[in-house]
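Trainee: okay, here's the prediction I keep looking at, along with the sequence it came from:
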Amino acid sequence: MTYDYVIVGAGSAGCVLANRLSEDGRHSVLLLEAGPRDDYIWIHIPIGYGKTMFHPVYNWGFYTEPDPGMNNRKVYWPRGRGLGGSSSINGLIYIRGQAEDYDHWAALGNKGWAWQDVLPYFIKSEHNSRGASRYHGSDGPLWSSDIEEKHELMEAIIRAANEIGVPRNDDFNGANQEGVGYYQLSTRNGRRCSTATAYLHPARRRSNLRVETGAHATGIVFERLNAGGASPAVRAAGVKYLQHGEGREVRAAREVILSAGALQSPQLLQLSGIGRASFLQSMGIPVVKDLPGVGENLQDHLQLRVMYKVAKPITTNDDLRTLWGKMKIGLKWLLFKRGPLAIGINQGGLFTRVLPESKTPDIQFHFATLSADMAGARPHEWSGCTFSVCQLRPESRGTVMVRSRDPLDPPAMKPNYLSTETDCRCAVEGIKFARKLAAAPALKDYIAEEYRPGPDAIKDDDLLEFARNHGATIFHPSGTCKMGSDLMAVVDERLRVHGISGLRVVDCSIMPTLVSGNTNAPAVMIAEKAADMIREDATSRPAAR
């Protein structure tokens, strides 16, 4: 089999690419996905991400290596498995990050990635329920919808934030991110709008697009050009994969595109012989290209979940505690596509600064009218809420490295959380800010007591120890195939792998630095921009047949 483009991974970026590269009918596209179709009902009900958080089929269910910064705990890292990838199981928050994030990418030498360059792609991809504006689109495939019903507790949180100096912000993706307000969600009429729903399914009937599920990529096929030269050029010519227990191979006449995510794109590169030469040799993997940055530069947002018992029975805990409560919110969703099932868990957010050196917001809150001992776990039996805070631009850097030559063996993930002094300070100050917010007058009739960290955690050292003992991912691993031109860069500004023709990486692994917020919308933007670059390059290069 030969296709013009072979895309590995039908996640947030891969579904976008499959749609855009096949839409003009000129090129054939094959999309390979290791997981199944997205026909599980709880994928499409927004609150259902609690059902997919530990699902053995729709979630890869990764764990990090024991992390010194987490007191040698292994941290659970859920990642989407199946059409839509993590966009089918995430918390649905539509956030782009700050303009300064992208201007910083450009300042690092990545031409074409400044805010003014990427904003048109955010707008192109978006269907905002408020309509088109300077910052928003209304014709794109990916919906960004308002939360129609305002929650009593969330309204009190907004008033409390105002009382301590945080202004209301009704559009975190507008002119300014700083402030407090309701999130917009990637939902359409009360249902999840994953990239499979938004981009892939509308394109499935195209004769030039083929989608293969249950197809686990195991390696990239290379061919050497000018083999007799001193430095023979190498081209990515195809992909090997396992499907139904059989090894298969497909050829790519134009490009192989890796969109397997920040954990599995570097894994596939390493398995294929692209990475730090000394490491690959130690694993018994023949070296195709010495690129020491593959799997390095891992970044993630560390989530610190400050939880409170609530004095009124108005939380999602209360809705889910009884059969009648479940029936009531279930009927509300079935009849009107509204209520807790249409929202998910986190309704509101807050962006502010807690470190004196920060010029823009350095922490983000996700406010949930629900509490549980960990994300996706059974809610507590009492009325509860969660103020989840994360540092937006962590300095800590980790790695993703293969454990063996077995492509079915998950890679070793070492995030190195809280490994810098700045990250530790920001964690402590973020928790302090959560407490300051909870103590504001507007919340005095709602907050009954602090459940975690609890009243015994008083000193900064206590709060840092809480972060080490209970901190968890907020599901944003990035940076492991970073874009740039330095010695540790993996792809150039057009997302082409350095030194290998016909091979690109298009997902959050290409981020030089993590964006200040949730990563799904940026992943879609990256794929939209990449699709244009790929099509531009196709007009100037003949296909290899």
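Mentor: Done, it's in.
Trainee: just checking, Arg468 touches Ser419?
Mentor: No. Using C-beta atoms under 8 Å, Arg468 is not in contact with Ser419, being 11.2 Å away. Glycine gets a C-beta too; all of them are placed from N, C-alpha and C.
Trainee: shared neighbours of those two, anything?
Mentor: Each of Gly69 lies in contact with both Arg468 and Ser419 under the rule C-beta atoms under 8 Å, 6 or more residues apart in numbering.
Trainee: which one's more surrounded, these two?
Mentor: Arg468 (19 against 16; other C-beta atoms under 10 Å).
Trainee: which element follows the host helix or strand of that one toward the C-terminus?
Mentor: Element membership of Arg468 [criterion: DSSP states H and E] is helix 460-470. Once the chain leaves helix 460-470, the next helix or strand it forms, by DSSP H and E, is strand 472-473.
Trainee: strand partners of that following strand, parallel vs antiparallel please.
Mentor: Note on strand 472-473: by DSSP bridges, its sheet partners are strand 302-310 (antiparallel).
Trainee: and the angle from the strand it pairs with to helix 460-470?
Mentor: 100 degrees (axes from the mean of the first three to the mean of the last three C-alpha atoms, to 10 degrees).
Trainee: any idea how far strand 302-310 is from the chain center?
Mentor: Distance of strand 302-310 from the chain centroid (C-alpha atoms, centre = their mean, to the nearest Å) equals 21 Å.
Trainee: now it - C-alpha only, CSV.
Mentor: Coordinates of each C-alpha in strand 302-310 appear next as CSV, following Å, rounded to 0.1, in the frame of the first residue of the first chain:
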residue,chain,number,x,y,z
LEU,A,302,1.7,20.1,38.0
GLN,A,303,-1.8,20.1,39.5
LEU,A,304,-2.2,20.9,43.2
ARG,A,305,-5.8,20.2,44.3
VAL,A,306,-6.9,22.2,47.3
MET,A,307,-10.2,20.8,48.5
TYR,A,308,-12.9,22.2,50.7
LYS,A,309,-16.1,20.9,52.4
VAL,A,310,-19.0,23.0,51.3
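Trainee: just checking, next helix/strand downstream of that strand?
Mentor: Past strand 302-310, the next helix or strand by DSSP H and E is helix 316-321.
Trainee: how far off centre is the next helix or strand after that following helix?
Mentor: Sequence-wise, the next helix or strand downstream of helix 316-321 (DSSP H and E) is helix 323-336. From the chain centre to the centre of helix 323-336 is a distance of 30 Å (C-alpha atoms, centre = their mean).
Trainee: which of the residues in helix 323-336 are buried?
Mentor: Gly325, Ile329, Lys332, Trp333 (16 or more other C-beta atoms under 10 Å).
Trainee: need the residues that contact the helix or strand hosting Trp143.
Mentor: Trp143 belongs to strand 142-144 when assigned by DSSP H and E. Residues from elsewhere that reach strand 142-144 (C-beta under 8 Å, 6+ apart): 94, 125-129, 136, 173, 184-188, 193, 195, 198-199, 521, 524.
Trainee: and it, which strands flank it?
Mentor: Sheet pairing for strand 142-144, using DSSP bridges, gives strand 126-128 (parallel).
Trainee: just give me the closest of the buried residues of helix 323-336 to Arg378.
Mentor: Gly325 (14.3 Å; C-beta to C-beta).
Trainee: need the pLDDT of Gly325.
Mentor: Gly325 is assigned 85 on the pLDDT scale.
Trainee: tell me who's in contact with the closest residue to it other than its chain neighbours.
Mentor: Closest residue to Gly325 apart from its sequence neighbours, by C-beta to C-beta, 6 or more residues apart in numbering: Asp319 at 4.6 Å. Residues near Asp319 by C-beta under 8 Å, 6+ apart: Gly325, Lys326, Lys328, Ile329, Pro340.
Trainee: from what I can see the second one touches Asn317, true?
Mentor: Spelled out, that is Lys326. No. Judged on C-beta under 8 Å, Lys326 makes no contact with Asn317 at a distance of 12.0 Å.
Trainee: burial check on Asp532, number of neighbours?
Mentor: Residues near Asp532, counting by other C-beta under 10 Å, number 13.
Trainee: how far is stretch 81-91 from where the chain is centred?
Mentor: Using C-alpha atoms, centre = their mean, the offset of stretch 81-91 from its chain centre is 9 Å.
Trainee: over it, what's the mean pLDDT, rounded is fine.
Mentor: On average, stretch 81-91 scores 97.
Trainee: likewise for stretch 178-187?
Mentor: 97.
Trainee: quick one: the helices in the stretch 201-350 of the chain, in order.
Mentor: 261-271, 277-282, 316-321, 323-336, 340-343 (DSSP state H, counting those that start in this stretch).
Trainee: actually, the stretch 351-500 of the chain.
Mentor: Under the criterion DSSP H, counting those that start in this stretch, the stretch 351-500 of the chain contains helices at 421-438, 460-470.
Trainee: quick check: buried residues in the last one?
Mentor: It stands for helix 460-470. Using 16+ other C-beta under 10 Å as the test for burial, helix 460-470 gives Leu463, Leu464, Phe466, Ala467, Arg468, His470.
Trainee: which among the helices of the stretch 201-350 of the chain is found nearest to Phe475?
Mentor: Short answer: helix 261-271, nearest of the helices of the stretch 201-350 of the chain by C-beta to C-beta, at 10.8 Å.
Trainee: tell me the helices and strands packed up against the closest one.
Mentor: Judged by 3 or more C-beta pairs under 8 Å, 6 or more residues apart in numbering; DSSP states H and E, helix 261-271 is in contact with strand 215-225, strand 246-258, strand 399-401.
Trainee: swap the cut-off to 10 Å and go again
Mentor: strand 2-8, strand 215-225, strand 246-258, strand 274-275, helix 277-282, strand 399-401, strand 412-414, strand 503-505 (3 or more C-beta pairs under 10 Å, 6 or more residues apart in numbering; DSSP states H and E).
Trainee: of all those, which lies closest to Gly50?
Mentor: Closest to Gly50 of the helices and strands packed on helix 261-271 is strand 412-414 (C-beta to C-beta; 23.2 Å).
Trainee: what sits closest to Arg81 if chain neighbours are left out?
Mentor: The shortest distance from Arg81 to any non-neighbouring residue, by C-beta to C-beta, 6+ apart, is to Gly35 (3.6 Å).
Trainee: contacts only, for the residue nearest to Arg191 when sequence neighbours are not counted.
Mentor: Distances taken as C-beta to C-beta, 6+ apart place His44 nearest to Arg191, at 5.1 Å, with adjacent residues excluded. Neighbouring residues of His44 by C-beta atoms under 10 Å, 6 or more residues apart in numbering: Asp38, Gly84, Ser88, Thr187, Gly190, Arg191, Arg192, Cys193, Ser194, Ala196, Thr197.
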